[in-house]
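Undergrad: Could you look at this predicted model? Sequence included:
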Amino acid sequence: MKRRKAVKLISAATASMGFGFNFVDDQKIMKRPIHSSSEQLPVIGLGTWQTFDVSVGSGERDQLKQVLKELKKYGGSVVDSSPMYGRSENVVGNLSTELGIVDQLFMATKVWINGKESGINQMNRSMKLMGKRPIDLMQIHNLLDWETHIKTLKDWKAKGKIRYIGITHYVNSVYRNMEHIMRNEPLDFIQLNYSIDSREAEKRILPLAKDLGISVLINRPYGGGSLFRKVKGKELPGWAGEIQIESWGQFFLKYLLSNESVTCVIPGTSKPHHMIDNLKAGLGRLPTELEKTKMLNYLNKL
C-alpha cells in the first residue's frame, strides 16, 4: 500500500468516526517564533530535494505549482532548497513567481562549494534562480568549508543581503561538529535529521539549540521513506484520533513537533495531496510526553 492509498483509506475511516480534521474556513497551521527575531514561522514547510528537480518542459511542473499553492493556502511558507538539488532552485523560483507568492514565502537555500569567491558566486546565483533578494535564510550545506563561508554570511547579514544564517547536515556523526559551531558562531538556524526512529538529536543538539536560542529546521522526518515502508499495510492505533492524527505521515510529524525545540519540519513532496496531509500535522494539539511514549511503543511493536 503506497502513501496515497493509505492516506485516502485512513482519511475516510477517521471521517466516518467523526474525526475528519480538515482545513475549514481560514484555518491555518500553528507557528513558532524564530528565536533571533520576533518573526513567526509556520511549523510545516517543504523540502525540494529530488522532488523539484524537473526539466522546463516537464508535465510535473503543474503538479509542483499546485504543491506550492497548497502550502501557501493553508498557512505554510518555508521552502528549502540547495545548489546540490539540481534544478530545484530554479523551479521553485519560476513557479512561485508565476503564482505571485515569492514575497509570501520564506525561502531558504544553501552554499555548497569550497572557497570564498566560489561561495559568493554560488549564493548570488541561487538568489537569482529563486527570485528573491534578500534571501530569507542562507545555510552552509553539510558544513562544507564552513569556516570560510560563515565569515561571508555574517558580513552579508550585517549588510542586509540575507536575513538569517545557518548550518545544515543530515547524519548523526557530525553532531559534535555542529555543537562546536553552535557554541561559537551567531547562528539563527540549524537544520538536521530527526525522525521518530532516529532520535539522536534529542540528546544534545535540540536541547542546546533551545538553550542558545537557535531555531531548528528538520530534514529527513520520514527517515528517507523507511518509516512508510515499516508501516506499510499497518493500521494507526485507535487512539490516534485523540491527538488529531489521521495518517501515518501526521503521526510521524506530530511526534517531532511535540519537541518545542523544533521550529519547522520540511518534508519533501511532489504531490499536492501529500502537501495537504503534511500540513494537517500542524493543526490541533500535539502529543503529551505520555502519548509520545505510546507512539514509540506502538511503532516498535509493528
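TA: All right, it came through fine. Residues are numbered from 1 along each chain as shown.
Undergrad: Now do the same for the residue nearest to E89 when sequence neighbours are not counted: helix, strand or coil?
TA: Sequence neighbours aside, L129 is the residue nearest to E89 in space, at 4.2 Å (criterion: C-beta to C-beta, 6 or more residues apart in numbering). For the C-beta atoms, the positions are set from N, CA and C on the backbone; glycine is no exception. Using DSSP: H, G, I helix; E, B strand; the rest coil, the three-state assignment for L129 comes out as helix.
Undergrad: Was I right to think N219 contacts V171?
TA: No. Using C-beta atoms under 8 Å, N219 is not in contact with V171, being 10.6 Å away.
Undergrad: higher neighbour count, the two?
TA: N219 (20 against 12; other C-beta atoms under 10 Å).
Undergrad: In contact with the residue nearest to E89, which residues are there?
TA: When contacts are counted by C-beta atoms under 8 Å, 6 or more residues apart in numbering, L129 is found next to E89, N90, G93.
Undergrad: to the chain's geometric centre, what's the distance from the helix or strand containing L256?
TA: Here L256 is covered by helix 248-257, with elements defined by DSSP states H and E. Between the mean C-alpha point of helix 248-257 and the mean C-alpha point of its chain there is a distance of 12 Å (C-alpha atoms, centre = their mean, to the nearest Å).
Undergrad: Stretch 198-211 now?
TA: Mean-position distance between stretch 198-211 and its chain equals 17 Å (C-alpha atoms, centre = their mean).
Undergrad: what's the helix or strand where Q63 lies packed up against?
TA: Assessed by DSSP H and E, Q63 sits inside helix 60-73. Packed against helix 60-73 by the contact rule (3 or more C-beta pairs under 8 Å, 6 or more residues apart in numbering; DSSP states H and E) you find strand 46-47, helix 88-99, helix 272-280.
Undergrad: in stretch 132-147, what's buried?
TA: 132, 134-146 (16 or more other C-beta atoms under 10 Å).
Undergrad: Give the residues shared as contacts by N219 and V171.
TA: Shared contacts of N219 and V171 (C-beta under 8 Å, 6+ apart): N193.
Undergrad: looking at the helices and strands packed on helix 60-73, which is buried most?
TA: Here the criterion is mean neighbour count by mean count of other C-beta atoms under 10 Å, and of those the winner is strand 46-47, at a mean of 26.
Undergrad: For it, what is the distance to the chain centroid?
TA: So, by C-alpha atoms, centre = their mean, the centroid of strand 46-47 is 5 Å from its chain's centroid.
Undergrad: For that strand, give the mean pLDDT please.
TA: pLDDT averaged over strand 46-47 equals 98, rounded to a whole number.
Undergrad: Not counting its own residues, what contacts that strand?
TA: For strand 46-47, the external contacting residues (C-beta under 8 Å, 6+ apart) are 67-68, 71, 76, 78-80, 219, 266-269, 275.
Undergrad: just curious, which of the buried residues of stretch 132-147 is nearest to G213?
TA: L137 (15.8 Å; C-beta to C-beta).
Undergrad: Thought G166 was touching that closest one, still the case?
TA: Yes. If you go by C-beta under 8 Å, L137 and G166 touch, sitting 5.9 Å apart.
Undergrad: so what sits against both of these two?
TA: When contacts are counted by C-beta under 8 Å, 6+ apart, the set common to L137 and G166 consists of A108, D188, F189.
Undergrad: The second one against S36, yeah?
TA: To tie it back to what came earlier, the one meant is D188. Yes. Applying C-beta under 8 Å, one finds D188 in contact with S36, separated by 4.5 Å.
Undergrad: which residues pair with G166 across the strands?
TA: Applying DSSP bridges to G166 yields these beta-bridge partners: Q139, F189.
Undergrad: So it versus V79, what's the distance?
TA: 15 Å (C-beta to C-beta, to the nearest Å).
Undergrad: still on that earlier bit, who has more neighbours out of D188 and S36?
TA: Counting neighbours by other C-beta under 10 Å for D188 and for S36 shows that D188 has the greater number, 21 against 16.
Undergrad: Contacts for the helix holding L256 next, please.
TA: Residues outside helix 248-257 that contact it (C-beta under 8 Å, 6+ apart) are 3, 6-7, 10, 43-44, 194-196, 218, 221-222, 227-228, 231, 236, 240, 243-245, 262, 265, 267, 274, 277-278, 280-282, 286-287, 292, 295.
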